[in-house]
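Asks: Need a 3D model of the sequence below.
(chains A and B)
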Amino acid sequence: NAGVMQNPRHLVRRRGQEARLRCSPMKGHSHVYWYRQLPEEGLKFMVYLQKENIIDESGMPKERFSAEFPKEGPSILRIQQVVRGDSAAYFCASSPQQGVNEQYFGPGTRLTVT
Amino acid sequence: KNEVEQSPQNLTAQEGEFITINCSYSVGISALHWLQQHPGGGIVSLFMLSSGKKKHGRLIATINIQEKHSSLHITASHPRDSAVYICAVRLRIDTDKLIFGTGTRLQVFP
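Replies: Residues are numbered from 1 along each chain as shown, chains lettered A, B, ... in the order given. All right, here's what the predicted structure looks like:
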C-alpha cells in the first residue's frame, strides 16, 4: 500500500507564473488536507477536502490560491501569479474518514519562487 | 500567544540520554498528535492520543487532558533520533484540521 504521494517534489517558478501541486492520497483514503510550512516557521493548515467537496478552507489565502479534489485523480493545490512569499514547503496528508483519525503525510513539495 | 506551545525549542543530548519534550495547549481538543520531521523534510506521524499513554519502541507519549499538557519521551536516545518533533492538536469543535506547535529541534550526539 503506497503512502501519500506528492509531485513534484521540487518546483521552481518565476514570479507571476502558476504553480500546480499534486497530492495522491493513500489507497482507500477520501480525505485530504493541505498544509504550508514557510521557511523557519511551523506548519499551518490551509484546506481540508473530501472528494468533490471543500470542507474547510479557512487557512487559504483569499486570493490566488485554490484547491480541488476531483472524483478521479489527485488533489491539486493551485497558486496563480506566484510571489516570492509563496516559497515554502507544501505538505498534504490523507485520512480514511472524518473524525479522530491518523493523518498520513506526503513527502512535501518545495516551491521556490525566483 | 500560540494555541499550542512546545518546550524546549532546541535540545541537545548525548547518545543514551533520556529525552523529554513538552507540549501545552490552551483550547479544547479531541486528539493530540506527535509528529517527527527529519532534516530531509518528510513528516512521520508518531502518535495520536486522546487520553493516557502510548508506547512504541523507545518512544512514549503521555497526555493529561485536565492540565492540557502532553509529553513525548525518548529512552536511550540515538543520533538517528535527531529531528524536529512537532506537537499538533485537533480542535474539539472544529473540522479535522490540525493546529501545530513550532516544533522542538533535537540533536543527539554520539
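
Asks: Any stretches of the chain with poor pLDDT?
Replies: Unless you meant another one, I'm taking chain A. Residues of chain A meeting the criterion pLDDT under 70: A:1, A:98-100.

Asks: actually it's chain B I care about, not the one you picked
Replies: For chain B, the ranges with pLDDT under 70 are B:1, B:92-95.

Asks: Residue nearest the middle of chain A, spatially speaking?
Replies: With distances taken as CA atoms, centre = their mean, residue A:34 lies nearest the centre of chain A, 3.7 Å away.

Asks: Leaving out sequence neighbours, find the closest residue to it.
Replies: Counting by CB to CB, 6 or more residues apart in numbering or on different chains, the nearest residue to residue A:34 once its immediate chain neighbours are dropped is residue A:46, at 4.3 Å. Using the backbone N, CA and C atoms, a C-beta is placed for each residue, glycine as well.

Asks: Just to be sure, the one you found is in a helix?
Replies: No - counting by DSSP: H, G, I helix; E, B strand; the rest coil, residue A:46 is not found in a helix; it is strand.

Asks: State the distance from it to residue B:7.
Replies: 26 Å (CB to CB, to the nearest Å).

Asks: the more surrounded of the two?
Replies: Taking neighbours as other CB atoms under 10 Å in any protein chain shown, residue A:46 and residue B:7 compare with residue A:46 leading, 22 against 12.

Asks: Up against chain B, what does chain A have?
Replies: Within chain A, the positions near chain B by CB under 8 Å from any CB of the partner chain are A:31, A:33, A:35, A:41-45, A:48, A:55-56, A:58-59, A:89, A:91, A:95, A:98-105, A:107-108, A:110.
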